[in-house]
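> Okay, sequence plus prediction incoming.
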Amino acid sequence: MSFPGALPRPGDVLNSSGFRSQLKFRFRSVLPCSPAAVPPAAPVTRRHRLASVHDPLPLARFGGLLATDLRDVTSDPSALDTEGFWAVVADFEGRVVCARFGDVRPEPVPGAVPGSWRGPRPTDWSSSLDRAGYTEGVRRVRDRIAAGEVYQANLCRVLSAPLPDPHAADVDALTALLARGNPAPYAGTVRLPGHGVEVATASPELFLRRSGRTVESGPIKGTGRRAEDLLEKDHAENVMIVDLVRNDLGRVCATGSVTVPALCAVEPHPGLVHLVSTVRGELAPGAGWVELFTAAFPPGSVTGAPKSSALRLIGELETAPRGPYCGGIGWVDADRGTGELAVGIRTFWIDRPSPGAAVLRFGTGAGITWGSDPDREWDETELKAARLLAVASEVQQPTGRTMR
């Protein structure tokens, strides 16, 4: 299969990371916030707008801030270097939504209100790849590694479950449960129902942070229940992806400015630990958000190396689009020249495939190397998903079961 955005197709011109260099030409200028103004060139697929009487107000939550009063919506990241506070959701397949809000104020995530979120039953979750399909995919990745086509590839699956009360389904109510049940450093919410965006993330991973001309990325590779579970394979994989991220940032940063302040640091998160590295650089003159997206998207930690080969392999093996999972989710304050985008892992989103229907989706995956054991990689995807699915289904303790 092939996706219309991030994945390369015959005839595409690729940069050396494998991302389509036409990316910047796909973006459109700023749109009025009315959903009717979305142009045919950027259709919202798989999502249907609720009737206006049911629409909750647009909002975004990041880092203790609440943004309301939607002013503009655009698919052009060059707007992020203009003015105002923007919420950003970039799908793995290349669809970008940037929303500018007029009212931004400190406000913590409210406490969960009993009954405000009706999640799916734990037994209703299904997977785009079952255990047999996923482990076979791991074997095929290893075959491609043996053939010299890739060194590493991230293999993912998308979990889905119908929501029992579609009209009342509010992703911000799920946010309150996540804040309590799975707090995360890059947690966030973007609710734009009129534009097909209803996303809540509990991401532990930094994709891009900007402070003036300084840019930083924090790739994660290596997951275990405890630090003692991390293997040599996890460290090798982390170093491999750090090199890829260094290469990506090196395209838009001043020569010699890209450094690695931290390599393979063990970082605890709810229910597991990760290996996390830090890559930092100084943007070259004239480089902004468009150049950063073109050089670094999709994130290296959720694609593979070389990125172009890994993307082709992902297109062959995965049976469902990733959507905001593995994309970029975050905020940009253009007035202050700052911003922070997370890698869209540990992320839920609501799809509305038809009027009156709503499906909750969640992605999980693992990085595959020559040293990967297929069953262990499946178990890693289960570990990453179990706690979050338990929260969304309002189960007191994770069951470890993520599909029927």
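Cool, got the structure. Since we're looking at a predicted model, the values are computed, not measured.

> Surely residue 181 is in contact with residue 393?
No. Between residue 181 and residue 393 there is no contact under C-beta atoms under 8 Å: 10.9 Å. Every residue, glycine included, has its C-beta placed from N, CA and C.

> where does this protein dip in pLDDT?
For the chain, the stretches with pLDDT under 70 are 1-54, 396-404.

> the helices in it, which residues?
For the chain, helices defined by DSSP state H occupy the ranges 23-26, 131-146, 171-181, 232-250, 289-296, 307-317, 374-392.

> Any idea which of those gets closest to residue 333?
Among these, helix 289-296 comes nearest to residue 333, with 12.0 Å by C-beta to C-beta.

> show me what contacts the closest residue to residue 108 other than its chain neighbours?
Once flanking residues are discounted, residue 108 sits nearest to residue 64: 5.8 Å by C-beta to C-beta, 6 or more residues apart in numbering. Counting by C-beta atoms under 8 Å, 6 or more residues apart in numbering, residue 64 touches 106-108.

> Would you reformat those as TSV and include neighbour count and distance to residue 115?
As requested, these are exported to TSV (neighbours: other C-beta atoms under 10 Å; distance: C-beta to C-beta, whole Å):
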residue	neighbour count	distance to residue 115
106	8	27
107	12	22
108	10	21
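
> ok so, going back, save the helices of the chain as CSV, and put in mean neighbour count too.
What follows is the helices of the chain, written out as CSV (neighbours: other C-beta atoms under 10 Å):
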stretch, mean neighbour count
helix 23-26, 14
helix 131-146, 17
helix 171-181, 21
helix 232-250, 20
helix 289-296, 22
helix 307-317, 22
helix 374-392, 21
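
> Relative to residue 160, which of those is closest?
Nearest to residue 160 among the helices of the chain is helix 374-392; the distance by C-beta to C-beta comes to 11.2 Å.

> For residue 124, find the nearest of the helices of the chain.
That would be helix 374-392 among those, by C-beta to C-beta, at 10.4 Å.

> Pick the one among the contacts of residue 64 closest to residue 229.
residue 108 (33.4 Å).

> can you pull out the strands in the stretch 301-404 of the chain?
304-305, 328-333, 338-343, 347-351, 359-368 (DSSP state E, counting those that start in this stretch).

> most centrally placed residue in the chain?
residue 344 (1.7 Å; C-alpha atoms, centre = their mean).

> didn't it look like it was pressed against residue 206?
No. Using C-beta under 8 Å, residue 344 is not in contact with residue 206; the gap is 11.8 Å.

> In contact with residue 268, which residues?
Counted by C-beta under 8 Å, 6+ apart, residue 268 has zero contacts.

> Tell me what it is bridged to.
For residue 268, the beta-bridge partners under DSSP bridges are residue 273.

> What's the separation between it and residue 89?
Here residue 268 is placed at a distance of 27 Å from residue 89 (C-beta to C-beta, to the nearest Å).

> Please apply the same query to residue 351.
In terms of C-beta to C-beta, residue 351 sits 13 Å off from residue 89.

> so what's the backbone phi/psi at the residue nearest to the centre of the chain?
Backbone dihedrals for residue 344, given as degrees, to the nearest 10, come out at phi -80, psi 60.

> and if you look at residue 92?
Backbone geometry at residue 92, expressed as degrees, to the nearest 10, gives phi -60, psi -30.

> Does it touch residue 321 like I think?
Yes. Under the criterion of C-beta under 8 Å, residue 92 makes contact with residue 321 at 7.3 Å.

> Those two: which has the busier surroundings?
residue 92 (28 against 22; other C-beta atoms under 10 Å).

> before we move on, the earlier item: okay, residue 351 and residue 89: which has more neighbours?
Each of residue 351 and residue 89 has its neighbours counted (other C-beta under 10 Å); residue 89 has more, 29 against 18.

> For residue 332, see how far away the more buried one is.
To residue 332, residue 89 is 12 Å away according to C-beta to C-beta.

> Check residue 362 too.
25 Å.

> Counting neighbours, go ahead and name the busier of the two.
Higher neighbour count among residue 362 and residue 332: residue 332, with 26 against 23, using other C-beta under 10 Å.

> tell me the contacts of the residue nearest to the more buried one when sequence neighbours are not counted?
Nearest in space to residue 332, with sequence neighbours left out and distances taken as C-beta to C-beta, 6+ apart, is residue 339 at 3.6 Å. For residue 339, the contacting residues are 80, 86, 208-210, 289, 330-333, by C-beta under 8 Å, 6+ apart.

> For those, give me TSV that also has distance to residue 137.
Output for the contacts of residue 339, formatted as TSV (distance: C-beta to C-beta, whole Å):
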residue	distance to residue 137
80	35
86	36
208	28
209	32
210	35
289	34
330	29
331	34
332	35
333	40
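
> what's the farthest-apart pair in the residues you listed?
Farthest apart among these - using C-beta to C-beta - are 86 and 209, which lie 14.7 Å from each other.

> Of these two, give the one with the bigger neighbour count.
Legend: neighbour count by other C-beta under 10 Å for residue 86 and residue 209, higher for residue 86 (27 against 19).

> Could you list everything that one pairs with in the sheet?
In this structure, residue 86 bridges to residue 100, residue 332 when assessed by DSSP bridges.

> residues touching it, list them.
79-80, 98-101, 331-334, 339.

> one step back: deepest-packed of the strands of the stretch 301-404 of the chain, please.
Most buried of these by mean neighbour count (mean count of other C-beta atoms under 10 Å) is strand 304-305; its value is a mean of 27.

> hang on, isn't residue 119 packed against residue 163?
Yes. Counting by C-beta under 8 Å, residue 119 touches residue 163, with 7.3 Å between them.

> shared neighbours of those two, which are they?
Joint contacts of residue 119 and residue 163 (C-beta under 8 Å, 6+ apart) are residue 360.

> got a list of what the closest residue to residue 214 other than its chain neighbours touches?
Spatial nearest neighbour of residue 214, excluding adjacent residues (C-beta to C-beta, 6+ apart): residue 282 at 5.9 Å. Going by C-beta under 8 Å, 6+ apart, residue 282 touches 213-215, 253-254, 257.

> again, but for residue 151
Residues in contact with residue 151 (C-beta under 8 Å, 6+ apart) are 145, 240, 304-306, 369.

> before we move on, what about residue 388?
Counted by C-beta under 8 Å, 6+ apart, residue 388 has contacts 178, 182, 202, 346, 348, 362.
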